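**Student:** Fold the following for me, if possible:
(one chain, ligands or ions: 1)
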Amino acid sequence: MSLEIDISNIRVVLVNTSHPGNIGASARAMKNMGLKNLTLVQPGEFPSGVAVGRAVSAIDILDRAVVVDSLQEAVKDCGLVIGASARSRKIPWPVIRPEECAEKAVTECRNSQVAIVFGREDSGLTNDELQLCHFHVQIPTDEKYSSLNLAAAVMVITYELHRAALKLSGDQPQVEEDYWDIEKATGEQVEHLHEHLERVLIRLDFHDVDNPRQLMQRMRRLFGRIRLDLMEMNILRGFLARIELYLENPKPGQKVRQKLQNKIESQTGEERRPSPKKEIRKRKDFADTALNKRQVNTMAEILEQASKNKRKISD
Ligand code: SAH
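**Tutor:** Presented below is the predicted three-dimensional model:
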C-alpha cells in the first residue's frame, strides 16, 4: 500500500556488519517496508554476491547503498538518531520500544534526516556509538535470549515504521463489508436458519426440548461469531432440508443395509464359518451401528460430559 507519509528517506545504518547475507536480508526488509536509504559503516564484505542473493528484489537498495568509515560520518546530517540495542548499558540512556521509535522517526522525518542504527552481529554497538544516538530502541524479547539476528531486528523496526506511517496517514484496515463478495444474511434470514436447525436437531433426537442444555443459545452464539453470508446460509439451509428429506424417505439407507446384509451372508457361509449364527449377529450389529446415522451420544450427554470436564479443570 502506498503511504501518504513518505518514510522512504529514513536511513538504516548497519555498523561493521560481518555477514554480507545480513546486508542483503536487511535491504529486502527495508524495501518491503518502503525504505530506500542504506548506509554501511565499514562492512566486512561489500559489494557481495551473497548480499545480492539475499536481497532478492531489493538489489536497487544495495546499488545505492552508501559506504562510510565511521558512524559519525553516517549520521552527521541527521536530526534524530536512534540506536537499536538488545542490551541495557551501564550508563542509562532513554530506552524506547519499537512503536515509540517508529512514532518519533515517522514524525521527525518530515522535517529532518532520521537514522536508525544497528550494531555488529557478535558485539552490537559500542558504548561510544550508542552515545551518538538520541534514543536506544529495544525490541522486547524473552528474557532468556534477547539478541535477534541483525536482519530480523531490521525487519521488526522497519515494520513498525511502516505501521506508524499507515496510522498517521489515517489508513484504517479494510472493513470486511468493503471486500466480501456476498452480502451478509439478515437477522430475519438467520432467524429462519435457527428455527430450521432446531427442527432438524429435534427430529434427529440430538436436541431434547425438555432438557435443552443451552444448545440453541450455543448454536446462536456460534453463528453470531461467524456472521454468515447469504450463500453460506443457503448452503446450511439446503443441507438441513436434505437431512429432512432423508428422514422422511429412508430408502437409500435401506438399500445399503440390504447390500451389507447380502455381503454378510455371502461371507458367513457354513463351509467357511464354524458358527455362522453368532458371526451373522456380530456383523449385523456392526452394520446396524454403521448404518444407523443417529449420533451415539445425545446433545444432553455431550454437554453433561463437557460440564464435568470443565469442573475437573477448574478443580
Ligand atoms: N550480541 C549482540 C547483539 C547483536 S545482534 C549484543 O549482545 O549486543 C545485531 C544487532 O541487531 C544489534 O546490535 C542491534 O542493533 C540489533 N538487535 C538485535 N536484537 C535486538 C533487540 N532485542 N532489540 C534491539 N535491537 C536488537
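**Student:** Tell me the secondary structure of residue 189, please.
**Tutor:** Judged by DSSP: H, G, I helix; E, B strand; the rest coil, the three-state class of residue 189 is helix.
**Student:** same question, residue 45
**Tutor:** Residue 45 - assigned by three-state DSSP - is coil.
**Student:** For it, the count of nearby residues, please.
**Tutor:** 14 (other C-beta atoms under 10 Å). Where C-beta positions appear, they are placed from N, C-alpha and C, glycine not excepted.
**Student:** show me what contacts it?
**Tutor:** 18, 20, 51 (C-beta atoms under 8 Å, 6 or more residues apart in numbering).
**Student:** Does residue 160 touch residue 99 like I think?
**Tutor:** Yes. Shown here, residue 160 and residue 99 form a contact pair, counting by C-beta atoms under 8 Å, at 5.8 Å.
**Student:** In terms of neighbours, single out the busier of the two.
**Tutor:** Between residue 160 and residue 99, counted using other C-beta under 10 Å, the more crowded position is residue 160 (23 against 13).
**Student:** where does the closest residue to the ligand within the stretch 151-300 of the chain fall, phi/psi-wise?
**Tutor:** Per C-beta to the nearest ligand atom, residue 153 is where the stretch 151-300 of the chain lies closest to the ligand, at 3.5 Å. When read as degrees, to the nearest 10, the backbone of residue 153 gives phi -60, psi -40.
**Student:** Ok, residue 117 next?
**Tutor:** Dihedral angles for residue 117 - degrees, to the nearest 10 - are phi -110, psi 130.
**Student:** so what pLDDT did residue 290 get?
**Tutor:** You'll see residue 290 listed with a pLDDT of 43.
**Student:** Use 2 as the first number from now on
**Tutor:** From this message on, residue numbering opens at 2, which makes the last subject residue 291.
**Student:** Tell me the spacing between residue 9 and the ligand.
**Tutor:** Between residue 9 and the ligand the computed distance is 21 Å (C-beta to the nearest ligand atom, to the nearest Å).
**Student:** show me what contacts that residue?
**Tutor:** Contacts of residue 9 by C-beta under 8 Å, 6+ apart are 35-38.
**Student:** Return the helix or strand in this protein with minimum mean pLDDT.
**Tutor:** Every helix and strand of the chain was ranked by mean pLDDT, DSSP states H and E. The lowest is helix 277-292, at a mean of 50.
**Student:** Give me every residue in the stretch 52-201 of the chain lying close to the ligand.
**Tutor:** Neighbours of the ligand within the stretch 52-201 of the chain, by C-beta under 6 Å from any ligand atom: 85-88, 119-120, 122, 124-126, 138-140, 142, 147-149, 151, 154.
**Student:** Buried ones only from these, please, as a PyMOL command.
**Tutor:** Buried residues within those, by 16 or more other C-beta atoms under 10 Å, are selected in PyMOL with:
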select buried, resi 85+86+119+120+122+125+126+138+139+140+149+151+154
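**Student:** who wins for neighbours among the contacts of residue 9?
**Tutor:** Going by other C-beta under 10 Å, residue 36 tops the contacts of residue 9 with 25 neighbours.
**Student:** you'd agree it is up against residue 11?
**Tutor:** Yes. Contact criterion C-beta under 8 Å: residue 36 and residue 11 qualify, at 5.7 Å.
**Student:** got any residues that touch both of the two?
**Tutor:** With C-beta under 8 Å, 6+ apart as the test, residue 36 and residue 11 both reach residue 162.
**Student:** So which residues of the stretch 52-201 of the chain form helices?
**Tutor:** 60-64, 72-76, 99-109, 128-131, 151-169, 177-180, 188-204 (DSSP state H, counting those that start in this stretch).
**Student:** Least reliable of those by average pLDDT, please.
**Tutor:** Across the helices of the stretch 52-201 of the chain, helix 177-180 has the smallest mean pLDDT, namely a mean of 76.
**Student:** For it, C-alpha coordinates in PDB please.
**Tutor:** Extracted in PDB, the C-alpha atoms of helix 177-180 (Å, rounded to 0.1, in the frame of the first residue of the first chain):
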ATOM      1  CA  GLU A 177     -14.900  -6.800   5.800                       C
ATOM      2  CA  GLU A 178     -18.100  -5.300   4.300                       C
ATOM      3  CA  ASP A 179     -15.900  -3.500   1.700                       C
ATOM      4  CA  TYR A 180     -14.300  -6.600   0.200                       C
END
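**Student:** domains in the protein, as residue ranges please.
**Tutor:** 12-169, 188-315 (automatic domain parsing).
**Student:** hey, which of those domains is tucked in deepest?
**Tutor:** domain 12-169 (a mean of 18; mean count of other C-beta atoms under 10 Å).
**Student:** Low-confidence regions, the protein specifically.
**Tutor:** 2-4, 172-174, 252-262, 264-304, 306-308, 310-316 (pLDDT under 70).
**Student:** Among the contacts of residue 9, name the ones in strands.
**Tutor:** residue 38 (DSSP state E).
**Student:** I'd like the contacts of residue 9 laid out as JSON lines, including distance to residue 213.
**Tutor:** Listed next are the contacts of residue 9 as JSON lines, based on distance: C-beta to C-beta, whole Å:
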{"residue": "35", "distance to residue 213": "55"}
{"residue": "36", "distance to residue 213": "59"}
{"residue": "37", "distance to residue 213": "63"}
{"residue": "38", "distance to residue 213": "65"}
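**Student:** Please consider this matter closed, and thank you.
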